[in-house]
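> Fold the stuff below for me.
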Amino acid sequence: MNIGMVLEVPFPPDVRVENEARALVQAGHTIHIFSIGFGNNARREKFAEHIFLYRLKMNRWLYNKIRVSILRFPFYNSLWLRFLKKISTNLHLNAVHVHDLPLAKVGKALADEKEIPFVLDLHENYPAGLKVWKHTQNKFGRYFFDVERWSKYENKYVREADKVIVVTEEALERFYRIGIDPKKFVVVSNTLNLDYFCSPQKARENNLRQTRFTITYVGGFGPHRGLKVAIKAMPQILSNVPQTRLVLVGDGSDREELIKLVTNLQLNDHVEITGWARFNEIPNYIAKSDVCIIPYLSTEHTETTIPHKLFQYMYLKKPVVVSDCRPLKRIVNDADAGLVFKAGDSEDFARVVLQLRTEELRRELGMHGYQAVIKRYNWKNDGSRLVELYKNLELEKSGG
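From the prediction side, this is the model:
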């Protein structure tokens, strides 16, 4: 099949999109990726064998301004649809695959025009995210990102899609509860592609572990990430293990507030905020850690999503400390890969982290996590479900 993948953000990088494209190519398909392009990025290029890129070139400032109007005014959708129609004229697409919710309307319109299947790939619970993302909380944000309007939009296009991809069993449950046909859903999680991620052996060879007890987080700094919980726990942790440091690798809307909190608690010598790191640098930070954390707050958003970093931590044999958000708790307990604390509770976070002072326990839990990734939580398994989805689409189209 010729599959047109549509995503509203620049590509590369996007680990999930790349993993999906490569899995489908290995199954014999050809992938055409349509994305936004800024600066000197080529309008068209070959990304890999049988993976081709087409970029809607736009000024970054203009993109940031007009994309918020997607449900209020028709201009942004019209711009995308004209672009997709023009580029796809001679591609003979057999399916349209839209990554995430915003461009669902555009993808459905293109699929209807060409009379081909429409696949909606929901990376997260987008309407729930609107309730916690900082840029949607002011008056301007609430107007353009009205949660009720987005919920109706999601409901409409999930029902109209031929197939819907979600990342967790918990995300599946929320659609079951509102009576959507379960046969159209497939769970393709954010697991690790072992062919492209640094091996545990190489990570160990390249990095000597720090002498200080090191707790590491990798990812975004949004308010729902729970990083303030980890910082507030540090005085309690330091009173038991004075040579402890907390390393936060990433950036985001909460950065300045986190820096201020570190200063107010006089933790500058014990908390390091590194800024964004390249994807190939992430294993270096994880390898130097004793414990890796995902301290998410419990929200409607975090209760239905799973972050890629969990499987990175586990694969590199690090014990994990996660909050009791359902997907995190389920996977960590299933793998026996770490410990769970009560979301939002700094004292409980400190208590759990301090249980991992023992190197023997850390090694045991880290090995459990590694084995779980090797056996179950890996892209080979999730990619096969994606390939099966397209095999079923072909059968349905042919009447098989």
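> Now do the helices in the stretch 251-400 of the chain.
255-264, 282-287, 308-315, 326-335, 346-354, 359-375, 379-398 (DSSP state H, counting those that start in this stretch).
> Packing partners of the fourth one?
The criterion is 3 or more C-beta pairs under 8 Å, 6 or more residues apart in numbering; DSSP states H and E, and the helices and strands that helix 326-335 contacts are helix 169-176, helix 308-315, strand 320-323, strand 338-341, helix 359-375. For the C-beta atoms, the positions are set from N, CA and C on the backbone; glycine is no exception.
> For the residue nearest the centre of the chain, give me its contacts.
Geometric centre of the chain, nearest residue: residue 307, 5.1 Å, by C-alpha atoms, centre = their mean. Residues in contact with residue 307 (C-beta atoms under 8 Å, 6 or more residues apart in numbering) are 190, 219, 294.
> Distance check, residue 129 against residue 321.
23 Å (C-beta to C-beta, to the nearest Å).
> quick revisit: want to throw the helices and strands packed on helix 326-335 into JSON lines with mean neighbour count, distance to residue 265 and mean pLDDT?
Rendered in JSON lines, the data for the helices and strands packed on helix 326-335 read as follows (neighbours: other C-beta atoms under 10 Å; distance: least, C-beta to C-beta, whole Å; pLDDT from 0 to 100):
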{"stretch": "helix 169-176", "mean neighbour count": "17", "distance to residue 265": "34", "mean pLDDT": "90"}
{"stretch": "helix 308-315", "mean neighbour count": "26", "distance to residue 265": "25", "mean pLDDT": "95"}
{"stretch": "strand 320-323", "mean neighbour count": "25", "distance to residue 265": "20", "mean pLDDT": "98"}
{"stretch": "strand 338-341", "mean neighbour count": "22", "distance to residue 265": "19", "mean pLDDT": "98"}
{"stretch": "helix 359-375", "mean neighbour count": "17", "distance to residue 265": "26", "mean pLDDT": "96"}
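> Out of those, which is closest to residue 249?
Closest to residue 249 of the helices and strands packed on helix 326-335, according to C-beta to C-beta: helix 308-315, at 9.6 Å.
> residues making contact with that closest one?
15-16, 190-192, 194, 197, 200, 218-219, 282-283, 286, 292, 294, 320, 322, 328, 331-332, 335, 337, 366, 369-370, 372-374, 377-378.
> Would you list the buried entries among those residues?
Among those, the ones that count as buried by 16 or more other C-beta atoms under 10 Å are 15-16, 190-192, 197, 200, 218-219, 282-283, 286, 292, 294, 320, 322, 328, 331-332, 335, 337, 366, 369-370, 372-373, 377-378.
> Bridging across strands, which residues link to residue 48?
On the basis of DSSP bridges, residue 48 is bridged to residue 51.
> ok, it touching residue 26?
No. Taking C-beta atoms under 8 Å as the definition, residue 48 is not a contact partner of residue 26, at 11.0 Å.
> what bits of the stretch 101-250 of the chain have low per-residue confidence?
Within the stretch 101-250 of the chain, the ranges that satisfy pLDDT under 70 run 134-144, 198-210.
> quick one: the strands in it?
With DSSP state E, counting those that start in this stretch as the criterion, the stretch 101-250 of the chain has strands at 118-121, 163-166, 185-187, 213-220, 244-251.
> Might you report the residue contacts of residue 244?
212, 213, 214, 215, 234, 237, 238, 270.
> in the sheet, who's paired with the fourth one?
Okay, so that is residue 215. Going by DSSP bridges, residue 215 forms beta bridges with residue 246, residue 291.
> Could you check how far the residue nearest to residue 106 when sequence neighbours are not counted is from residue 6?
Of all residues beyond its chain neighbours, the one nearest residue 106 is residue 80 (4.7 Å), with distances taken as C-beta to C-beta, 6 or more residues apart in numbering. The gap separating residue 80 from residue 6 is 8 Å, by C-beta to C-beta.
> Mind listing the shared neighbours of these two?
Between them, residue 80 and residue 6 share these contacting residues under C-beta under 8 Å, 6+ apart: 103, 106.
> Phi first, then psi, for the residue nearest to the centre of the chain.
With angles defined as degrees, to the nearest 10, residue 307 sits at phi -90, psi 150.
> That one and residue 213, how far apart?
23 Å.
> can you check residue 279 too?
26 Å.
> neighbour count winner among these two?
residue 213 (21 against 14; other C-beta atoms under 10 Å).
> if I pick that one, what's in contact with it?
241, 243, 244, 245, 290, 291, 357.
> With adjacent residues omitted, what lies nearest to it?
Residue 213 sits nearest to residue 244 (C-beta to C-beta, 6+ apart), 4.5 Å away.
> Tell me, how many residues neighbour the nearest residue to residue 165 once chain neighbours are set aside?
For residue 165, the nearest residue in space outside its immediate sequence neighbours is residue 121; the separation is 4.3 Å by C-beta to C-beta, 6+ apart. The tally of other residues near residue 121 (other C-beta under 10 Å) stands at 27.
> residue contacts, residue 121?
Contacts of residue 121 (C-beta under 8 Å, 6+ apart): 20, 97, 98, 99, 100, 164, 165, 188.
> repeat for residue 354
237, 240, 241.
> Tell me the spacing between the closest residue to the second one other than its chain neighbours and residue 236.
Of all residues beyond its chain neighbours, the one nearest residue 240 is residue 354 (5.4 Å), with distances taken as C-beta to C-beta, 6+ apart. Counting by C-beta to C-beta, the gap from residue 354 to residue 236 is 8 Å.
> can you check residue 15 too?
Here the criterion is C-beta to C-beta. By it, residue 15 lies 35 Å from residue 236.
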